[in-house]
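> this is the structure alone, sequence omitted:
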């Protein structure tokens, strides 16, 4: 039987700013003065689709302006870590741009090692949509060396929309999306790969792209793309149009040449069948993250009597469901009323954080849920036993929702999406929450009883680590970005009891900025925030 969290109290639930000081999952009102920052573009409908934390701790978001079926444009905005707009970026802190058509939307973003910003989505080209990616310099100016005047469009002869992007260690760009065939021919998953300058990587798949029908004629809505064990891992819904069947969640892993990785799942694909996730409209609503132990975590939604519910899946590194995660690899959180996650990350301590929305019978709220490693809700998080609801708008409204989450270097949670402002318009909206993570900055004069790193800041990509073991232990040291993405395994060795010291080499291709080191043994884990200098 699936464990569910059911809330029987129906009504307007919201956080009172500052009411519970620094409780994990409560708002940090030092961010922007109230805990929330709004940014309006053109007095129109505005929505953030992705948030990232730069290595200098600045917060950058992408999104779009305009209602569906009207002219839509894309936007970038950048903020200091305290929520103030960074007026050195773009034009007074933001950039409005087109991806190459009268209608264009930006859905994902990635940062290159040299500080450039890649934004991907789609642009109209006559009657169809095409993949489109823009490249900006770190100051918010289109990079003319990328594609054509900073934009690279891809037309595969049908209707294509890009939903996710990643940058490989070698600088190549991978984009995941969907391709819709004319004349009702269905919707499949498509992945394209490009060189760092935007040119097609003809060594990937067939002329730079691969297309897959994920579940025997299913309508595929992919979103969520990561590198996993040196290979490309994509996540997708696979909606089944046959009422006698069920929908599926699909993971697909590919070798670097675009061929399916047959060591993963069944011939490269892992299907979690038996779901009902189809609502009135089909849209991509999955996300994927990799845990410190290489297990795969996916957020999605499933249908219930009240509408959508949060669903968190965990898979073993070989693609099979992790049965230690609530018995069958899936946890459903029923909050009474529709609720759906759009973004997931794994904290350095292994706990899972998911962000989306909750409809509380009056309006939509920002919604965060945090889960322990076994799948149980973290009862110490939020205002409702593992769940945090935040009423962002002054009036009842259906538009408020989190689209993307990230962690700052100090462990605080940044949740970004959209919310209605005091004038009734819908704005870019960012909220910051306390997480309770004990991430600390080590300096040369600090001592740790268990794990110590020096020098800090790090120079020449070398870091010295010291720790104490009481028995023979396998000790691991891993490097993470501040958004929870694992960058490298620096050590995984059996060590003898006593004081241990060693020098480790950080990857040479990482840029200057803040990172998190995770030291772990069977006894637990400690974390240290490090600053890498050029």
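Sure, I can see it. Not measured: the values here are computed from a predicted model.

> for stretch 517-531, the averaged confidence score.
The predicted model assigns stretch 517-531 a mean pLDDT of 82.

> which parts of that stretch are buried?
517-521, 525-531 (16 or more other CB atoms under 10 Å). The C-beta positions use only the backbone N, C-alpha and C, and glycine is treated the same way.

> chain center to that stretch: distance?
22 Å (CA atoms, centre = their mean, to the nearest Å).

> go on, stretch 134-147?
The answer for stretch 134-147 is 23 Å, by CA atoms, centre = their mean.

> list the buried residues of it.
For stretch 134-147, by 16+ other CB under 10 Å, it's 134-138, 140, 142-143, 146-147.

> kindly report the same for stretch 221-232.
221-228, 232.

> for residue 137, see how far away residue 89 is.
Separation of residue 89 from residue 137 (CB to CB, to the nearest Å): 10 Å.

> my error: substitute residue 258 in the last question.
The value you get for residue 258 to residue 137, if CB to CB is used, is 30 Å.

> what does residue 346 give?
31 Å.

> show me where pLDDT drops low in the stretch 51-200 of the chain?
67-71 (pLDDT under 70).

> what's the span of stretch 312-325, first residue to last?
10 Å (CA to CA, to the nearest Å).

> can you give me the buried ones in that stretch?
For stretch 312-325, by 16+ other CB under 10 Å, it's 312-317, 319, 321-322, 325.

> on that earlier part again, now secondary structure and distance to residue 455 too, for the buried residues of stretch 134-147, in a markdown table please.
Below are those laid out as a markdown table (DSSP: H, G, I helix; E, B strand; the rest coil; distance: CB to CB, whole Å):
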| residue | secondary structure | distance to residue 455 |
| --- | --- | --- |
| 134 | strand | 38 |
| 135 | strand | 34 |
| 136 | strand | 33 |
| 137 | coil | 31 |
| 138 | coil | 26 |
| 140 | coil | 33 |
| 142 | strand | 38 |
| 143 | coil | 34 |
| 146 | coil | 36 |
| 147 | coil | 41 |
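
> re the thing from before, which two of the buried residues of stretch 221-232 have the greatest separation?
221 and 227 (21.6 Å; CB to CB).

> and which of the buried residues of stretch 312-325 is nearest to residue 296?
Nearest to residue 296, judged by CB to CB, of the buried residues of stretch 312-325 is residue 315 at 4.2 Å.

> beta-bridge partners for the nearest residue to the closest one once chain neighbours are set aside, please?
Nearest non-adjacent residue to residue 315, counting by CB to CB, 6 or more residues apart in numbering: residue 296, 4.2 Å away. Assessed by DSSP bridges, residue 296 has beta-bridge partners residue 290, residue 315.

> contacts only, for residue 229.
Contacts here follow CB atoms under 8 Å, 6 or more residues apart in numbering; on that basis residue 229 touches 294, 317.

> distance check, it against residue 172.
Taking CB to CB, one finds residue 229 at 17 Å from residue 172.

> now residue 215
Separation of residue 215 from residue 172 (CB to CB) stands at 28 Å.

> pick out whichever of the two has more residues nearby.
Each of residue 215 and residue 172 has its neighbours counted (other CB atoms under 10 Å); residue 215 has more, 22 against 16.

> what secondary structure does that one sit in?
Classification of residue 215 using DSSP: H, G, I helix; E, B strand; the rest coil returns coil.

> now it: phi and psi?
Here is the backbone geometry of residue 215 (degrees, to the nearest 10): phi -160, psi 60.

> doesn't residue 272 make contact with it?
No - in this structure residue 215 lies outside contact range of residue 272 using CB atoms under 8 Å: 10.7 Å.

> for those two, list the residues in contact with both.
Going by CB under 8 Å, 6+ apart, residues that sit against residue 215 and also against residue 272 are 248, 250.

> roughly how far apart are the residue nearest to residue 84 when sequence neighbours are not counted and residue 393?
In space, and not counting its chain neighbours, residue 84 is closest to residue 32: 7.4 Å by CB to CB, 6+ apart. Distance of residue 32 to residue 393, given as CB to CB: 16 Å.

> who's more crowded, those two?
residue 393 (22 against 18).

> next one: the more buried one, what pLDDT does it get?
Value for residue 393, per-residue pLDDT: 78.

> what's around the nearest residue to it once chain neighbours are set aside, how many residues?
Distances taken as CB to CB, 6+ apart place residue 420 nearest to residue 393, at 4.1 Å, with adjacent residues excluded. Residue 420 sits with 23 neighbouring residues when counted by other CB under 10 Å.

> ok, residue 273 next?
There are 13 residues near residue 273, going by other CB under 10 Å.

> which secondary structure element contains it?
Here residue 273 sits within strand 269-275, counting by DSSP states H and E.

> residues making contact with that strand?
Taking CB under 8 Å, 6+ apart as the rule, strand 269-275 contacts 214-215, 238, 246-252, 260, 264-265, 302, 311, 313, 315, 319-321, 329-330.

> how does it look with 7 Å?
214-215, 246-252, 260, 264, 302, 313, 315, 319-321, 330 (CB atoms under 7 Å, 6 or more residues apart in numbering).

> beta partners of residue 125?
Going by DSSP bridges, residue 125 forms beta bridges with residue 128.

> could I get the buried residue list for stretch 158-174?
In terms of neighbour count (16+ other CB under 10 Å), stretch 158-174 has its buried residues at 158-167, 172-174.

> same question but for stretch 453-460, I mixed them up
Buried, per 16+ other CB under 10 Å, within stretch 453-460: 453-456, 458.

> so how far is it off the chain centroid?
Relative to its chain's centre, stretch 453-460 lies at 28 Å (CA atoms, centre = their mean).

> same check on stretch 302-311?
21 Å.

> again, but for stretch 46-59
11 Å.
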